[in-house]
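Sequence and computational prediction follow.
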Amino acid sequence: MEKDKLSTESIIKQAAMEVFLKDGFDGARMQKIADLAGVNKAMLHYYFSSKDVMFEKIFAEAMSDLVPHIEKIMNMDMPLIEKLKAFVRIHVKQQIENPKLAAFCFNEMGKNPERVLSQMEALEPMQRTLKLFFAQYDNEVKAGKLVDYSPMHLFTFIQGLIDYYFISKPFFESYLCPNHAELSTDFEENLPDQICKFLENALTIK
């Protein structure tokens, strides 16, 4: 029974994520989610009492996928630049597996900032990890190992390097290389290596 319950809930969440990614929160309909999951609305409401509850749980889970990996990386005994490279590779991998996630998150941030921010604020481990990044970066700057940037700006730069491509991917494929699908594929496959190379050149003091 417990196995079936978990299986059904997982199927519903996967269907809901697909609908939310495609239609956004305002456009998502519970009936469409139920149809995609292959359940009736009564079953849907058994697991999730409302669309808000469903969104909050799915958004929090999607945003927290990275947290355990990031915490593990930040606590490793190695230079910060290597930790940043590891973060880039994991984050790009997540974006490739969920290519609409970044666009969905930023779209919802623009339309419903209060709802999205309430979920992000609940991710205390992410805040803790960010503080750890700031502290380690400050230490390596003082040690003469890394170039001195504003830590918050640096974090924003790195996030933008990863997210921009996935947010602008339809434009990239339609207008920048409409007849060269293989170029887009090659770009995506090489994205983490190129970002890592850029960060190393921009941050490390030779």
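Happy to help now that I have it. Numbering: from 1, shown residues only.

Could you pick out the longest helix of this structure?
Scanning the chain for the longest helix, with DSSP state H as the assignment, gives helix 2-27.

quick one: contacts of stretch 185-196?
Stretch 185-196 is contacted from outside by 84-85, 88-89, 92-93, 96, 158, 161-162, 165, 172, using C-beta atoms under 8 Å, 6 or more residues apart in numbering. Placement of C-beta: from N, CA and C, glycine included.

Quick check: closest non-adjacent residue to D52.
R115 (7.7 Å; C-beta to C-beta, 6 or more residues apart in numbering).

which of the contacts of stretch 185-196 count as buried?
Among these, those buried by neighbour count (16 or more other C-beta atoms under 10 Å) are 84-85, 88-89, 92, 158, 161-162, 165, 172.

Where helices are concerned, which of those count?
Using DSSP H, the buried ones among the contacts of stretch 185-196 in helices are 84-85, 88-89, 92, 158, 161-162, 165.

Toward the C-terminus from the helix or strand of the chain with the lowest mean pLDDT, list the very next helix or strand.
Scoring the helices and strands of the chain by mean pLDDT, DSSP states H and E places helix 113-121 at the bottom, with a mean of 67. Using DSSP states H and E, the helix or strand that follows helix 113-121 towards the C-terminus is helix 124-142.

Tell me which other helices or strands that following helix touches.
helix 67-74, helix 80-97, helix 151-167 (3 or more C-beta pairs under 8 Å, 6 or more residues apart in numbering; DSSP states H and E).
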